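> 3D, please:
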Amino acid sequence: MAEEELPGVLILDIGGTHGVLENIAALLKKHFHLITMKEFLGNKEKMSKKIQSVFVFECRPSIDRELLESLPNLKVVGNSGVGVDHLDLKMISSFGVKVTNTPHAVADPTADIGMALMLASARRLVEGNVLNFPG
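Numbering: from 1, shown residues only. Take a look at the predicted model:
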């Protein structure tokens, strides 16, 4: 598929402090034409019609009424995290837009950290580390 045929996805940016991680951007590029917020704001008239999805990474970009009104072909807002409490689901759905998330994306890492904290607590690792290496 040529890039023009791929559906457009709006993202804040690639890399940097708040942008989509580069490995995630590479995966998205296989299925979407990535449009950064800077590109979108620089040419709203042309870009707004191409965007069919918004990929929310670390709560960015913000999904507000103004953004939704400017994206006539928007079909889905995809959130890269578990929760969607930072999204106004009622307002988004009033535009006929679906919201998705990745509920199991961090299940294994969360379990790993939980186990590590329980083991560290049971074995008093923090106290042992402070006693062996006083600050």
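
> Quick one: residues contacting the residue nearest to Phe40 when sequence neighbours are not counted.
Nearest non-adjacent residue to Phe40, counting by C-beta to C-beta, 6 or more residues apart in numbering: Met47, 4.7 Å away. C-betas here are computed from N, CA, C, even on glycine. Counting by C-beta atoms under 8 Å, 6 or more residues apart in numbering, Met47 touches Gly8, Ile35, Glu39, Phe40.

> now the residues you listed in JSON lines, with pLDDT?
Output for those, formatted as JSON lines (pLDDT from 0 to 100):
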{"residue": "Gly8", "pLDDT": "97"}
{"residue": "Ile35", "pLDDT": "97"}
{"residue": "Glu39", "pLDDT": "97"}
{"residue": "Phe40", "pLDDT": "97"}
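
> Go through those and flag which are in strands.
Gly8, Ile35 (DSSP state E).

> Which parts of this protein belong to which domain?
Domains of the chain are assigned by the TED database as 8-103, 105-134.

> What would I type in ChimeraX if I wanted to highlight the buried members of the contacts of Met47 and nothing else?
To isolate in ChimeraX the members of the contacts of Met47 that are buried, counting by 16 or more other C-beta atoms under 10 Å, one can use:
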select :8,35,39,40
